[in-house]
Structure formats: structure tokens, C-alpha cells
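J.: A structural model of the following input is requested.
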Amino acid sequence: MTIELAALISIVSVSAALYFGLKSNRRAERNEDQKDAADMTTVSVKLDFIRSDVSDIKSSMKGAQEESKDTRERLIAVEQSAKQAHKRIDQMSGYRAKPPDTDGDM
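T.: Numbering: from 1, shown residues only. Here you go, the predicted model:
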């Protein structure tokens with residue numbers, strides 16, 4: 001009878017160890033899955049913030065490019081206007097460019 005009791009206790013002990021071991025393993029997997037999901041959510045949120053920041057930067061760059069283009073066009077127009085003004089002033093004053101002095105006298 002003691003052998004049967006010892007065998008019964010051994011079987012119950014092994015069964016309990018397997019049950020609690022599997023239960024602990026499932027709990028650890030569940031906790032790990034929850035941690036992974038939280039990490040992925042954090043990464044996803046950060047990527048969304050980066051995406052919106054990049055979009056803002058792109059729109060700012062487009063605005064700066066358009067402003068630069070407008071400024072360049074205005075500068076060209078001013079240079080052409082100044083060139084025409086110089087021509088008119090030269091014509092009105094009767095100025096004609098003299099050839100440079102080749103003698104070295106000043």
C-alpha cells in the first residue's frame with residue numbers, strides 16, 4: 001500500500017507541476033504579447049508624428065521655393081528696369097563712353 005500511495009503522490013505532484021508550469025508559461029506569453037503590442041503602438045504613434053512633421057517640412061519648403069522664385073523674378077525685373085534707366089540717362093545726358101587712356105596720363 002505504501003508503494004501505491006507513493007506512486008499516487010508522485011503522479012499528483014508531476015501533474016500539479018505540469019499544470020502550474022503550463023499556466024505560468026501562458027501568463028508569461030500573454031504578458032509578453034501585451035508588452036509587444038504596447039511597444040508597437042508606441043512606435044506607430046512616433047511614426048505618425050514623424051510623418052506629420054515631414055509633411056509640414058515639405059509644405060514649408062514648397063512655400064520657401066515659391067517665395068525664392070518670386071524674389072528671383074522681381075530681381076530680374078528690377079535689373080532690367082535699371083539697365084533701361086541707365087540707357088535713357090545716357091541718351092539724355094549725351095554721354096558716350098570714352099576709350100580708356102592708353103598713354104598712362106591721368
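
J.: only C-alpha atoms from now on, for both contacts and neighbour counts.
T.: Fine.

J.: the most centrally placed residue in the chain and residue 45, how far apart?
T.: Residue closest to the mean C-alpha point of the chain, counted by C-alpha atoms, centre = their mean, is residue 54 at 4.4 Å. Remark: distance between residue 54 and residue 45 (C-alpha to C-alpha, to the nearest Å) = 14 Å.

J.: name the element the residue nearest to the centre of the chain belongs to?
T.: helix 2-93 (DSSP states H and E).

J.: flag the shaky bits of this structure, pLDDT-wise.
T.: The model of the chain has pLDDT under 70 over residues 1-2, 95-106.

J.: rerun that using 50 as the cut-off
T.: 106 (pLDDT under 50).

J.: for the residue nearest to the centre of the chain, what are its contacts?
T.: Under the criterion of C-alpha atoms under 8 Å, 6 or more residues apart in numbering, residue 54 has no neighbours.

J.: report the buried residues of stretch 32-52.
T.: Across stretch 32-52, burial judged by 16 or more other C-alpha atoms under 10 Å covers no residue at all.
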